[in-house]
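Undergrad: Build me a model from this:
(2 chains)
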Amino acid sequence: MTAEPVKAAAPAGMSRRRRRQFALGGQYGLLGAVVLAVALLANWSQLQENFANFGKARDLFPEILTIGLRNTAAYTGLGFGIGLVLGLVIALMRLSSVLPYRWFATAYIEMFRGLPLLLIFIFVGVGVPLAFPGTNIPGGAAGQAGLALGLAAAAYMAETIRAGIEAVPKGQLEAARSLGMPHGRAMVSIIIPQAFRIIIPPLTNELVLLCKDSSLVLFLGISLEQRDLTKFGRDLAGQLGNTTPIVVAGLCYLIITIPLSLLARWLEARQRRGQR
Amino acid sequence: MKDGASAIEIRDLYKSFGTNEVLRGIDFHVDPGEVVCVIGPSGSGKSTLLRCVNLLELPSAGTVRVAGAEITDPEVDLDAVRRRIGMVFQSFNLFPHLTALGNVTIAQRKVLKRARDEAERIGRANLERVGLADKIDAYPGKLSGGQQQRVAIARALAMGPEVMLFDEPTSALDPELVGDVLGVMRGLAEEGMTMLVVTHEMSFAREVADRVVFMDGGVVVEEGPAARVVSDPRHERTRSFLSRVLDPAAAPAHGPAGDVPG
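TA: Numbering: from 1, shown residues only, chains lettered A, B, ... in the order given. Reported below is the predicted structural model:
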C-alpha cells in the first residue's frame, strides 16, 4: 500500500535527484568553459600593462588620495550638508498648513527630481555667473559643486524626511501638545528626532549616491588642486597613456561607498529588529 | 479653581465629525479634589469628551472651563492651560527615543524651563511615586505595558497639574498588569488629585470614584454617586450596559441582549 503510489509518481527516466544533479552540472560546466576561454584568449601581459600597471599606480600616490579622494569627500560632504538642511526646510514647508508653502515645496521637489544632475551643475557653473555677473558662489569650485549637489539632493531628502515625519505615530504629537509644548517645540524635541531615526538608512544611501555624483564636478572647469577622483584619474590616464589611473580612482570610490553601503544595511537590519 | 469654582466645567458641548454627531449637548462639572469616572458603551463619545477637555479635539459648540480658564476661548493661551492639565492615553504615547527619566523631564525643561537638576529631582520623585525608581534609565521599549503607563502618569504628574485626565488607561494592558496602574491611580485619588477618568473598570469606578457619569449616544444618560449608579442604576440603558460589562458570559447564546426601548 505504501510503496506502489511512490513508484507510480516517478516518471520513466530520471529521478528528481538525478535531474537536479544534471542541471547543476550543466551550469558549472558552462561557467568553466567561459572562464577557460577567457583565460586562453586574453592577452594577459597587455591587460596588466594597461589596467593594473603597478609601477604607474605607485606614481599616483599620494596625490590621488590627498587631492582626489580628499576633494571627492569634501564635495560630497558639502552637498550632503546643504541637501540635508534645505531638504528639512522643504519637508516642513511641504507639511505646512500654509498653502503657498506647500505649493513651493511641491514645485521645488518636482523640478529638481526631474532635471538631470549634469544640467544643474552646468546651471550653477555657467548659468549663474552669466545671469548675475559679478556674483561669486562662496567656496569656489567646492561651493559650486556642493550647491549643485545640495540643490538636487534636497529634493530627494525632502521627500524622505517628510515620509519619516509622517511615519511617527500621531499619538506622539498629541502627548507632546498635552504637556503644553507649542507645535514647533514638539516638532524639534519629539517628532523630528524620531523621524531621523527612521530615515537614517535611506539617508546613508543618499550619501553613497552623492559620492558618485560628485564626479560631475568635471564639468565645472576646476583647477589642478580642485580635482576630484574622476577628473584626477582621467587626467593621469591621458598623461600616462594608460588606463591604470582610472582603475585606481574607481577603487578609491569603493573605499568610500562600500563601507557606507554596509553601514546602511546594518542600520536597516538593526532597525527591523527594533531599536535598542 | 478660584473661589471654590469647579475644576472642570463643561457646558452644552457639541462635537461632530462631518455629519457624525458624537457629542450632543453635554453638561457636567468636576469639583476640585473630586474623582469622576465616565463609563458607557464604545462609540458613546466618552473619549471624545475627554479629548475636548484639553482641546485635542476642537468642540463644534459649547464651552469647557478647566482650572479657571476657558480653554474653548480662541484667545486663550492654549499651551499655558494644557500645562495645568495632565493627560494619560490608552496607548501610553511615551517618547520612544528618551529614557523613562527623559520622558518625565523633557517637558519640565523645555516648557516650564526648569534647570536640569531640578527637573531630574522632580522626575525621579515622580517615578518613585509610581513605583518605578529602578527603571529610571530604561527606554520605553524595554518596559512592560503597565510600566509604560506608569511612566506616562509620572510624566504628566511631573508638570504639577491641577487636573488629571485618563483616557481608558488600562484598556491596552494585559489583565495581570491592570492592577499596578489602577493602584497608582487610587493612590493619586487618595492624595486629593482632581481626576476625570474614562474607564471600563467598574470595580475601580465603584470603589474610587466620587461620582460616575454614564454616557450613551453622545449624551449623559445618568450621573450620580458611584455606588448608586453602578449598583442601582435608574435608567434601563445603564442597567443593560452594566449587566453586559459586569457579566459578559451571561449574554444570550443567540446574540446581544435585546435593547429594551425606554
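Undergrad: low pLDDT regions in the stretch 151-276 of chain A?
TA: Confidence mapping of the stretch 151-276 of chain A against pLDDT under 70 gives the ranges A:274-276.
Undergrad: Ignore what I typed, I meant chain B.
TA: B:1-4, B:251-262.
Undergrad: Strands of that one, start to end?
TA: Using DSSP state E, the strands assigned to chain B run over residues B:8-17, B:20-30, B:35-39, B:61-66, B:69-70, B:85-88, B:163-167, B:194-198, B:211-216, B:219-225.
Undergrad: Take those strands and lay them out in TSV including mean neighbour count and distance to A:Val208.
TA: The way it works is simple: take the backbone N, C-alpha and C, and place the C-beta from them, glycine included. Rendered in TSV, the data for those read as follows (neighbours: other C-beta atoms under 10 Å in any protein chain shown; distance: least, C-beta to C-beta, whole Å):
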stretch	mean neighbour count	distance to A:Val208
strand B:8-17	18	45
strand B:20-30	17	49
strand B:35-39	26	54
strand B:61-66	19	52
strand B:69-70	16	53
strand B:85-88	26	43
strand B:163-167	23	45
strand B:194-198	26	50
strand B:211-216	24	56
strand B:219-225	17	60
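Undergrad: how about the helices of the stretch 101-250 of chain B, start to end?
TA: Assignment of helices within the stretch 101-250 of chain B using DSSP state H, counting those that start in this stretch yields the ranges B:116-129, B:145-157, B:175-190, B:202-208, B:226-231, B:236-246.
Undergrad: about what we covered before: can you tell which of the strands of chain B is closest to chain A?
TA: With respect to chain A, and counting by C-beta to the nearest C-beta, the nearest of the strands of chain B is strand B:85-88 at 3.9 Å.
Undergrad: between the strands of chain B, which one is nearest to B:Phe95?
TA: Ranking those by their distance to B:Phe95 (criterion: C-beta to C-beta) puts strand B:85-88 first, at 14.1 Å.
Undergrad: Spatially central residue in chain A, please.
TA: Nearest to the mean C-alpha position of chain A, by C-alpha atoms, centre = their mean, lies A:Leu209 at 1.8 Å.
Undergrad: Wait, a helix at that one?
TA: Yes - judged by DSSP: H, G, I helix; E, B strand; the rest coil, A:Leu209 forms part of a helix.
Undergrad: what sits against it?
TA: Taking C-beta atoms under 8 Å, 6 or more residues apart in numbering or on different chains as the definition of contact, A:Leu209 has no neighbours.
Undergrad: ok, now B:Val197?
TA: Remark: with contacts taken as C-beta under 8 Å, 6+ apart, B:Val197 is in contact with B:Val35, B:Val36, B:Cys37, B:Val38, B:Leu165, B:Phe166, B:Pro169, B:Met185, B:Phe204, B:Ala205, B:Ala209.
Undergrad: how many neighbours does B:Asp134 have?
TA: As a burial measure, B:Asp134 scores 10 neighbours (other C-beta atoms under 10 Å in any protein chain shown).
Undergrad: what sits against it?
TA: With contacts taken as C-beta under 8 Å, 6+ apart, B:Asp134 has no neighbouring residues.
Undergrad: how far away is it from chain A?
TA: Computed with C-beta to the nearest C-beta, to the nearest Å, the distance linking B:Asp134 and chain A is 18 Å.
Undergrad: try B:Val208
TA: Counting by C-beta to the nearest C-beta, the separation of B:Val208 from chain A is 23 Å.
Undergrad: Who are the contact partners of that residue?
TA: B:Val208 sits next to B:Val35, B:Cys37, B:Met185, B:Arg186, B:Ala189, B:Ala226 when contact means C-beta under 8 Å, 6+ apart.
Undergrad: is the second one in a bridge, and if so with what?
TA: Beta bridges link B:Cys37 to B:Val197, B:Val212, judged by DSSP bridges.
Undergrad: swap in B:Arg65?
TA: Under the criterion DSSP bridges, B:Arg65 forms beta bridges with B:Glu9, B:Glu70.
Undergrad: contacting residues for it?
TA: For B:Arg65, the set of contacting residues under the criterion of C-beta under 8 Å, 6+ apart consists of B:Ala5, B:Ser6, B:Ile8, B:Glu9, B:Arg11, B:Ile71.
Undergrad: Close to chain A: what parts of chain B are there?
TA: Contact residues, chain B versus chain A (C-beta under 8 Å from any C-beta of the partner chain): B:54, B:56, B:79-80, B:82-83, B:85-87, B:89, B:91, B:93-97, B:106-107, B:110-111, B:139, B:141-142, B:152, B:155-156, B:159.
Undergrad: And for residue 152, the neighbour number?
TA: Picked chain A for this. Here the count is done by other C-beta under 10 Å, and A:Ala152 has 24 residues near it.
Undergrad: that's the wrong chain, I wanted chain B
TA: The number of residues packed around B:Ala152, counting by other C-beta under 10 Å, is 28.
Undergrad: so what's it up against?
TA: A:Ala175, B:Val88, B:Phe89, B:Phe92, B:Asn93, B:Leu94, B:Asn103.
Undergrad: And the residues you listed, which is closest to B:Val181?
TA: Within the set of the contacts of B:Ala152, B:Val88 lies nearest B:Val181; the separation is 9.0 Å, counting by C-beta to C-beta.
Undergrad: what pairs with that closest one across the strands?
TA: For B:Val88, the beta-bridge assignment (DSSP bridges) gives partners B:Phe166.
Undergrad: Pretty sure it sits against B:Pro161.
TA: No - between B:Val88 and B:Pro161 there is no contact, the gap being 10.5 Å when judged by C-beta atoms under 8 Å.
Undergrad: still on that earlier bit, is it possible to get the contacts of B:Val197 out as TSV so that each row also shows distance to A:Ala73?
TA: Conversion of the contacts of B:Val197 to TSV gives the following (distance: C-beta to C-beta, whole Å):
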residue	distance to A:Ala73
B:Val35	63
B:Val36	63
B:Cys37	63
B:Val38	61
B:Leu165	53
B:Phe166	54
B:Pro169	52
B:Met185	57
B:Phe204	62
B:Ala205	65
B:Ala209	65
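Undergrad: So which residues of the stretch 51-200 of chain A form helices?
TA: Secondary structure of the stretch 51-200 of chain A, counting by DSSP H, counting those that start in this stretch: helices at A:54-60, A:63, A:70-94, A:99-114, A:117-122, A:128-131, A:140-167, A:170-178, A:183-186, A:192-213.
Undergrad: closest one to B:Glu236 among those helices?
TA: Proximity to B:Glu236 (C-beta to C-beta) singles out helix A:170-178 among the helices of the stretch 51-200 of chain A, at 35.9 Å.
Undergrad: The closest one vs helix A:192-213, what angle?
TA: Here the directions of helix A:170-178 and helix A:192-213 differ by 120 degrees (axes from the mean of the first three to the mean of the last three C-alpha atoms, to 10 degrees).
Undergrad: Any buried residues in helix A:170-178, and which?
TA: Judged by neighbour count (16 or more other C-beta atoms under 10 Å in any protein chain shown), helix A:170-178 contains these buried residues: A:Gln172, A:Leu173, A:Glu174, A:Ala175, A:Ala176, A:Arg177, A:Ser178.
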